[in-house]
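J.: Structure, please.
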Amino acid sequence: MKNVVLLGSTGSIGTSATKVAADLPDRIRLVGLGAGRNVQLLLQQTLQHRPAAVCLSDPARARELQAVLGASAKVFSGSQGLIELATMPEADIVLIAIVGTGGLQPALAAIRAGKDIAVASKEILVMAGEIVMREARKYGVRVLAVDSEHSAIFQCLDGRPPDSVRALWLTASGGPFRATPKEEFSAITVEAALRHPSWVMGRKVTIDSATLFNKGLEMIEARWLFDIEMARVHVLVHPQSVVHSMVEFVDGSMLAQLSTPDMCLPIQYALTYPDRVCSRRVQTDLAALGQLTFERPDPEHFPALNIARHAGETGGTLPAVLNAANEVAVEAFLNRRIHFLQISQVVARTLSRHTLVQHPDLNQILEADRWARDEAAR
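T.: The predicted structure is shown next:
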């Protein structure tokens, strides 16, 4: 039995995680649930899973929820409330599924409290991978991958050392515009960008998949998770989204993890690791699929990959700037203030104006994040 704190319980990853917990009541107990503003869904989850404590971002809504729940659960609020959940004494592992930078402080708090963390929020390792992995080594805890690509790599590596690896191959669906002519990109609508061909995800992650910034962020995340320098991390377009990623070893062998796209599988693997537990939720019929295809990503169509590679190779505060500028640009696109092509342009321009700090501390990372948001918005 694993006692799990789930931060981001009402989002796409969070709701999948609650399904996994419901599937495996003898293996997973949700002892803490953290949400943003969706009080109704959090209430439903609380009544179903009966955690000891929950958290909402808004203090007023948290007080209202406390009045409903009474003594059955403690209700926290705000960023401090997330830290309270992340450090619950009874927790074994903290699953961080908060979109954006809000999961960084709870992740560090969990690590310092001796908790394993399962990371579904790319931003944590993109912004502060050096610090997070150093702290994890210091406190002797595991950082487990939840992204389907990183879970695949984790499963393929199976404890093998970095010097046995020639390359990590992250697969990308290519998003909805893989075959769209470049001259049509300026006319791409928000509605079209939100129609992902393979996955059902939140709005921000879906736009990142359309630009391929998600894959750029994942390259940086993989660099830190698996202690592999950026030069050995690559992207391959795989429209069927069945091969979730691959490891190429120094002898030329390649191992891949395959399954029908469903986030319940990597979530379950992270929460039950090192065991594999029976589930009927994911079924993969290769004969019905017929074929699996691969192609190189087009840097002219998707400049995000080279922008992210530059940030990852440069390191320091630049990945934090990349992440923050992209969040601002995506929000501007969703609000119809800029067109699709301008997302990459805003991020590149913000990176070019940043004064780099190498080996930053947490305050310097947070300051770079704040600066990048202001600069990208400007």
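J.: C-alpha from now on. contacts and neighbour counts both.
T.: Will do.
J.: residue ranges of the strands in this structure, please?
T.: 2-7, 28-34, 53-56, 74-77, 93-96, 116-119, 143-145, 165-172, 233-237, 243-249, 254-258 (DSSP state E).
J.: Tabulate the ones you listed in CSV, adding columns for mean pLDDT, mean neighbour count and distance to Thr206.
T.: Output for these, formatted as CSV (pLDDT from 0 to 100; neighbours: other CA atoms under 10 Å; distance: least, CA to CA, whole Å):
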stretch, mean pLDDT, mean neighbour count, distance to Thr206
strand 2-7, 98, 26, 20
strand 28-34, 98, 25, 22
strand 53-56, 98, 28, 24
strand 74-77, 97, 22, 28
strand 93-96, 98, 29, 18
strand 116-119, 98, 25, 18
strand 143-145, 96, 24, 19
strand 165-172, 97, 23, 12
strand 233-237, 97, 19, 16
strand 243-249, 98, 24, 17
strand 254-258, 98, 16, 21
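J.: what would these look like in JSON lines with distance to Leu43?
T.: JSON lines is the format used below for those (distance: least, CA to CA, whole Å):
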{"stretch": "strand 2-7", "distance to Leu43": "14"}
{"stretch": "strand 28-34", "distance to Leu43": "10"}
{"stretch": "strand 53-56", "distance to Leu43": "9"}
{"stretch": "strand 74-77", "distance to Leu43": "11"}
{"stretch": "strand 93-96", "distance to Leu43": "19"}
{"stretch": "strand 116-119", "distance to Leu43": "24"}
{"stretch": "strand 143-145", "distance to Leu43": "28"}
{"stretch": "strand 165-172", "distance to Leu43": "35"}
{"stretch": "strand 233-237", "distance to Leu43": "40"}
{"stretch": "strand 243-249", "distance to Leu43": "34"}
{"stretch": "strand 254-258", "distance to Leu43": "35"}
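J.: closest to Pro299 out of these?
T.: Pro299 lies closest to strand 233-237 among the strands of the chain, at 11.2 Å (CA to CA).
J.: Packing partners of the closest one?
T.: With contacts defined as 3 or more CA pairs under 8 Å, 6 or more residues apart in numbering; DSSP states H and E, strand 233-237 has these neighbours: strand 165-172, helix 213-225.
J.: now those as CSV including distance to Leu366?
T.: Shown next, in CSV, are the helices and strands packed on strand 233-237 (distance: least, CA to CA, whole Å):
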stretch, distance to Leu366
strand 165-172, 28
helix 213-225, 17
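J.: looking at the strands of the chain, which is closest to Gln66?
T.: Nearest to Gln66, of all those, is strand 74-77, at 5.6 Å by CA to CA.
J.: Okay, now the sheet partners of the closest one, with direction.
T.: According to DSSP bridges, strand 74-77 forms sheet pairs with strand 53-56 (parallel).
J.: Which residues does the partner strand contact?
T.: Here strand 53-56 makes contact (CA atoms under 8 Å, 6 or more residues apart in numbering) with 31-37, 39, 46, 62, 73-78, 81-82, 85.
J.: Tabulate the CA atom coordinates of that strand in CSV.
T.: C-alpha atoms of strand 53-56 as CSV (Å, rounded to 0.1, in the frame of the first residue of the first chain):
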residue,chain,number,x,y,z
ALA,A,53,-6.4,16.7,4.0
VAL,A,54,-7.2,18.7,0.9
CYS,A,55,-6.1,22.1,-0.5
LEU,A,56,-7.7,24.8,-2.7
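J.: Distance check, Ile228 against Glu184.
T.: 37 Å (CA to CA, to the nearest Å).
J.: which one of the two has more residues nearby?
T.: Ile228 (20 against 10; other CA atoms under 10 Å).
J.: how much space between the more buried one and Trp169?
T.: Where Trp169 is concerned, Ile228 sits at a distance of 12 Å (CA to CA).
J.: With Ala192 instead?
T.: 28 Å.
J.: now swap in Leu292 and tell me
T.: According to CA to CA, Leu292 stands 15 Å off from Trp169.
J.: thought Gly100 was touching Glu123?
T.: Yes: counting by CA atoms under 8 Å, Glu123 is a contact partner of Gly100 at 5.9 Å.
J.: Ala325: what's it in contact with?
T.: Counting by CA under 8 Å, 6+ apart, Ala325 makes contact with Val346, Val347, Thr350, Ala372, Arg373, Glu375, Ala376.
J.: Which of the residues you listed fall within helices?
T.: Applying DSSP state H to these, the entries found in helices are Val346, Val347, Thr350, Ala372, Arg373, Glu375, Ala376.
J.: Quick check, pLDDT for the fourth one.
T.: Taken from the predicted model, the pLDDT recorded for Ala372 is 98.
J.: Could you count how many residues lie near it?
T.: The number of residues near Ala372, taken as other CA under 10 Å, comes to 27.
J.: so who does it touch?
T.: Neighbour list for Ala372: Val321, Leu322, Ala324, Ala325, Thr350, His354 [criterion: CA under 8 Å, 6+ apart].
J.: What's the local residue count around the third one?
T.: Burial measure for Ala324: 26 neighbouring residues, criterion other CA under 10 Å.
J.: What's the separation between it and Val126?
T.: Noted for Ala324: a distance of 10 Å to Val126, by CA to CA.
J.: Quick one: closest of the helices and strands packed on strand 233-237 to Gln342.
T.: Nearest to Gln342, of the helices and strands packed on strand 233-237 and by CA to CA, is helix 213-225 at 12.8 Å.
J.: Work out the gap between the closest one and the centre of the chain.
T.: Put simply, helix 213-225 sits 9 Å off its chain's centre (CA atoms, centre = their mean, to the nearest Å).
J.: doesn't Pro162 make contact with Arg232?
T.: No: taking contacts as CA under 8 Å, Arg232 lies outside contact range of Pro162: 10.3 Å.
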